[in-house]
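[1] Quick one, fold the following:
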Amino acid sequence: MAQGNNRTEEVAKDHELFFSAMSTAERMAHVAGKYGCGDGGKVTESFFNYLLELADTDKDGSVSVQEFQGATIGPDDMGVWPLSSRCVSSHGEEDANQGSVAAVTGQISRHSSDVGLPVDADGAAFLQKRAEM
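    Numbers count the residues shown, from 1 in each chain. Modelled structure (predicted):
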């Protein structure tokens, strides 16, 4: 039981870090590496907002710790977001005529290979860091 409690505490700390300690630009850089945008890459604002809306399952405008812990994105969801729509181009402009995003470095590598992302992905917990086993 203590192990489950430790996991809950870890998720709460990750939630606090992601939503309170990081700026929006840092959050966007944090998820960029997870979604195939490369080292120091950036996700588009539209894709980032999509991820947050997907995580906000009760649609109250914020992502709770419980929603954060259960946040997942599957291949069907990713099918509507090709790399060109989820990542800012190398020219510093968002593809699909989206607005610009501040440059911030950061990465997490793990995604589903069937949507063109790293092979070691589990397709879940898209906002969280991988727990060390």
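
[2] who does the lowest-mean-pLDDT helix or strand in the chain touch, helix- and strand-wise?
    The weakest-scoring helix or strand in the chain, judged by mean pLDDT, DSSP states H and E, is helix 75-78 (a mean of 78). The criterion is 3 or more C-beta pairs under 8 Å, 6 or more residues apart in numbering; DSSP states H and E, and there are no helices or strands that helix 75-78 contacts. No exception for glycine: its C-beta is placed from N, CA and C like everyone else's.

[3] Toward the C-terminus, what is the element adjacent to it?
    Using DSSP states H and E, the next helix or strand after helix 75-78 towards the C-terminus is helix 83-86.

[4] Looking at that following helix now, give me its mean pLDDT.
    The average pLDDT within helix 83-86 is 91.

[5] which residues in the chain form helices?
    2-16, 24-32, 45-55, 65-70, 75-78, 83-86 (DSSP state H).

[6] Output the contacting helices and strands for the first one.
    Here helix 2-16 touches helix 65-70, going by 3+ C-beta pairs under 8 Å, 6+ apart.

[7] List the buried residues in the helix it packs on.
    The neighbour-count check on helix 65-70 (16 or more other C-beta atoms under 10 Å) flags Glu67, Phe68, Gln69 as buried.

[8] For the protein, give me the ranges with low pLDDT.
    Low-confidence segments of the chain (pLDDT under 70): 1-4, 90-133.

[9] switch to 50 and redo it
    Per-residue confidence for the chain (pLDDT under 50) gives these ranges: 1-2, 93-124, 129-133.

[10] and the closest residue to Tyr50 other than its chain neighbours, how many residues sit next to it?
    The shortest distance from Tyr50 to any non-neighbouring residue, by C-beta to C-beta, 6 or more residues apart in numbering, is to Trp81 (7.1 Å). By other C-beta atoms under 10 Å, the residues close to Trp81 number 19.

[11] Good, wrapping up.
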